[in-house]
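Participant: got a structure for you, letters missing:
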């Protein structure tokens, strides 16, 4: 079992890990990310996780304005030479994207929690995205029982800090304006069979 955690010292061969070092990582189904030079490795996600990612992607993509694009992992968000994240879902300004990556802060980053990534997603990644100036950050806890599924959202305030703007569960609606208006209920992201 692979647990999402820093797995390497801050320095390797007398220097910090860089984005260039990620190109040499194996293609083994794990996610390799860097935060301030520290390598983070997490296992491939499970079925309910992927269901939540897919459904939220569709909802966001259907609601997005034309100047924004919605992408799913793996897609690199390069915040610095020593920081590359791969959020489960990224909303980015089309003008900021390259064919290879997003070399800027996303308009929205979303992580769907799993047991092995929860602490990293709620702390390390959230803090690093805040420092980069990401306007909105959401986490979805996709528990199997739809009534217990949860979505927590933060928005960047004028002082540069994230402020929690939502904590909804089950069939409660979250209706943000940032990065654009959309309507999401956590239960709809995990329910099987889906409600049409």
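Facilitator: That came through fine. Computed from a predicted model, the values in this text were never measured in an experiment.

Participant: What is the neighbour count of the nearest residue to residue 48 once chain neighbours are set aside?
Facilitator: Spatial nearest neighbour of residue 48, excluding adjacent residues (Cβ to Cβ, 6 or more residues apart in numbering): residue 142 at 4.9 Å. Quick note: C-beta positions are derived from backbone N, CA and C, even for glycine. By other Cβ atoms under 10 Å, 26 other residues sit near residue 142.

Participant: Tell me how far residue 142 lies from residue 171.
Facilitator: 15 Å (Cβ to Cβ, to the nearest Å).

Participant: who does residue 80 bridge with?
Facilitator: Beta-bridge partners recorded for residue 80 (DSSP bridges): residue 83.

Participant: typed the wrong thing, it's residue 141
Facilitator: Beta-bridge pairing for residue 141 (DSSP bridges): residue 150.

Participant: now residue 112
Facilitator: residue 140.

Participant: just checking, it touches residue 143?
Facilitator: No - when contacts are counted by Cβ atoms under 8 Å, residue 112 is not listed as touching residue 143 (11.1 Å).

Participant: Can you pick out the residue with more neighbours from those two?
Facilitator: Neighbours per residue (other Cβ under 10 Å) separate residue 112 from residue 143, with residue 112 holding more: 28 against 16.

Participant: just to revisit the earlier point, pLDDT wise, what is the residue nearest to residue 48 at?
Facilitator: What the model reports for residue 142 is a pLDDT of 95.

Participant: wait, what's in contact with it?
Facilitator: Counting by Cβ atoms under 8 Å, 6 or more residues apart in numbering, residue 142 touches 48-49, 51-52, 112-113, 149, 186, 189-190.

Participant: From residue 85, how far out is it?
Facilitator: When distance is defined by Cβ to Cβ, residue 142 is 19 Å away from residue 85.

Participant: same thing with residue 69?
Facilitator: Residue 69 sits at a distance of 17 Å from residue 85 (criterion: Cβ to Cβ).

Participant: more crowded one of the two?
Facilitator: residue 85 (26 against 16).

Participant: ok, that one touching residue 79?
Facilitator: Yes - counting by Cβ under 8 Å, residue 85 does reach residue 79; the two are 6.7 Å apart.

Participant: Pull up the overlap in contacts between those two.
Facilitator: Counting by Cβ under 8 Å, 6+ apart, the common neighbours of residue 85 and residue 79 are 128-129.

Participant: picking up where we left off before, looking at the contacts of residue 142, which one is closest to residue 123?
Facilitator: Using Cβ to Cβ, residue 113 is the member of the contacts of residue 142 that lies nearest residue 123, at 11.9 Å.
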